[in-house]
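>>> have a look at this prediction, sequence included:
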Amino acid sequence: MNTTHEAHGLSAPASVIQPAWVRITHWLNALAVILMMLSGWRIYDASPVFKGFIIPPGITLGGWLGGALQWHFAAMWLLFFNGLFYLAMNVVTGRIKAKFFPLSARTIFHDLIEALKGHLSHADPSKYNAVQKFAYLFVMADIAVLILSGLAIWKSVQFPLLRELMGGYDFARIVHFCAMSLLAGFIVVHLVMVSLVPRSLLTMIRGR
């Protein structure tokens, strides 16, 4: 006797592309990053790294330096613990190996050219192309640099080795600002890619 879904005229349920823990950590990371970026811009304006370059107050968060610091530190802990959980789950479940590797400069270049030509296929949202793999690995590394450089600035006296590895306090501020700028660039590109392939947004909301 055939007991399959097809035998009863039913379609098989769609498989989960993004498990719940990936979706939850993704949106929490996104929230933390946005809060840290907006509050960080207000902190930056209080003591600019690059003289003469000021971020418009209207797009910052906190209202004043003390308020911005409170937002920044609150979001920092969310980003740290949520990011740590995300990385741990990726390693434990084997997802990081399955989703992001293998990867080579040749495949990145090939897929980038195909993407620019509009020939890159997005038929299977469960698989990342080489450009996506590189971008997601890059942003993980960039966030790690943000956290470490931020720690070197915040606890400069308590972590002298980290401070020196960052090139000193003043250079750590430059590293922090540059890492933030790269993250802002990634967000812009990411949003453009999502608008071009809206199905990727749906998988990060409903998992399928």
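Cool, got the structure. Treat the numbers as computed from the prediction; the structure is a model and nothing was measured. Numbers count the residues shown, from 1 in each chain.
>>> packing partners of the helix or strand containing A98?
For A98, the host element (DSSP states H and E) is helix 95-100. Applying 3 or more C-beta pairs under 8 Å, 6 or more residues apart in numbering; DSSP states H and E, we find helix 95-100 packed against helix 65-93, helix 130-154. (Each C-beta comes from the backbone N, C-alpha and C, glycine too.)
>>> the same query, at a cut-off of 7 Å, please.
Helices and strands touching helix 95-100, by 3 or more C-beta pairs under 7 Å, 6 or more residues apart in numbering; DSSP states H and E, are helix 130-154.
>>> now do the helix it packs on against helix 65-93, angle only.
Inter-element angle recorded for helix 130-154 and helix 65-93: 130 degrees (by axes from the mean of the first three to the mean of the last three C-alpha atoms, to 10 degrees).
>>> buried set for helix 130-154?
Within helix 130-154, the residues that qualify as buried are 130-136, 139-140, 142-143, 145-153, counting by 16 or more other C-beta atoms under 10 Å.
>>> need the residues that contact that helix.
The contact list for helix 130-154 (C-beta atoms under 7 Å, 6 or more residues apart in numbering) reads 76, 80, 83, 100, 103, 107-108, 110-112, 115, 159, 162-163, 166, 169, 172-173, 175-176, 179-180, 182-183, 186.
>>> same check, this time on stretch 100-110
Taking contacts as C-beta under 7 Å, 6+ apart, the residues outside stretch 100-110 that touch it are A130, V131, K133, F134, Y136, L137.
>>> just the ones of the contacts of helix 130-154 in strands?
The strands, defined by DSSP state E, take in nothing from the contacts of helix 130-154.
>>> PyMOL command for the buried members of the residues you listed?
Filtering the contacts of helix 130-154 down to the buried ones (16+ other C-beta under 10 Å) takes a single PyMOL command:
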select buried, resi 76+83+100+108+111+115+159+162+163+166+172+173+175+176+179+180+182+183+186
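>>> on that earlier part again, quick one: average pLDDT of the helix holding A98?
Averaging pLDDT along helix 95-100 yields 90.
>>> list the buried residues in that helix.
Those would be I96, K99, F100, for helix 95-100 by 16+ other C-beta under 10 Å.
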